[in-house]
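**Student:** Build me a model:
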Amino acid sequence: MQGILAPLQFLVMLVSAGLIFYSLRTGAAVFWADASVVLKTLLLLTIMVTGSLWEHDVFGKYLFAAAFFWEDVVSMGVIVLHLAYMVALVGSLGTTEQRLVLALVAYAAYGVNAIQFVLKLRRARLDARLETQKAAA
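**Tutor:** Numbers count the residues shown, from 1 in each chain. Presented below is the predicted three-dimensional model:
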């Protein structure tokens, strides 16, 4: 599931960031920028739920298992930022510009989190390759 949702979320984030920058520059397409952030947030929450289920199956904890502790910590911050955007949107809090900048901050945090997971995956693959080479030698 993560193998499908993670790239989809990244693609939605790229399109959404483009819409946000366009809206900030022109004042147009704000509805579409907001809709794209809502979609990105829904994908994020879906990935968090499915990821925590996987983490529980593999490590016996829904969140903060030792193997993914720091990734989960950053994920919580990412979720808080995305949900703050949703509160601002639904509650009509702040200006449109403030809300859209908040989305970009949330996206920057998401980028850090995505890099964490990619590096963790890359390290696991390198470790597995080394183990295979040691076993063959």
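
**Student:** Please enumerate the helices of the chain.
**Tutor:** 2-26, 30-59, 69-90, 96-136 (DSSP state H).

**Student:** Least reliable of those by average pLDDT, please.
**Tutor:** If you rank the helices of the chain by mean pLDDT, helix 96-136 sits at the bottom with a mean of 90.

**Student:** tell me what that helix is packed against?
**Tutor:** helix 2-26, helix 30-59, helix 69-90 (3 or more CB pairs under 8 Å, 6 or more residues apart in numbering; DSSP states H and E). Backbone N, C-alpha and C define where each C-beta goes, glycine included.

**Student:** What residues of the longest one count as buried?
**Tutor:** Yep, that's helix 30-59 we're talking about. 30, 33-34, 36-41, 43-44, 47-48, 51-52, 55 (16 or more other CB atoms under 10 Å).

**Student:** same check, this time on stretch 2-15
**Tutor:** 6, 9, 12-13.

**Student:** Dump those residues to JSON lines, plus distance to Gly94.
**Tutor:** Converted to JSON lines, these look like this (distance: CB to CB, whole Å):
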{"residue": "Ala6", "distance to Gly94": "30"}
{"residue": "Gln9", "distance to Gly94": "25"}
{"residue": "Val12", "distance to Gly94": "23"}
{"residue": "Met13", "distance to Gly94": "21"}
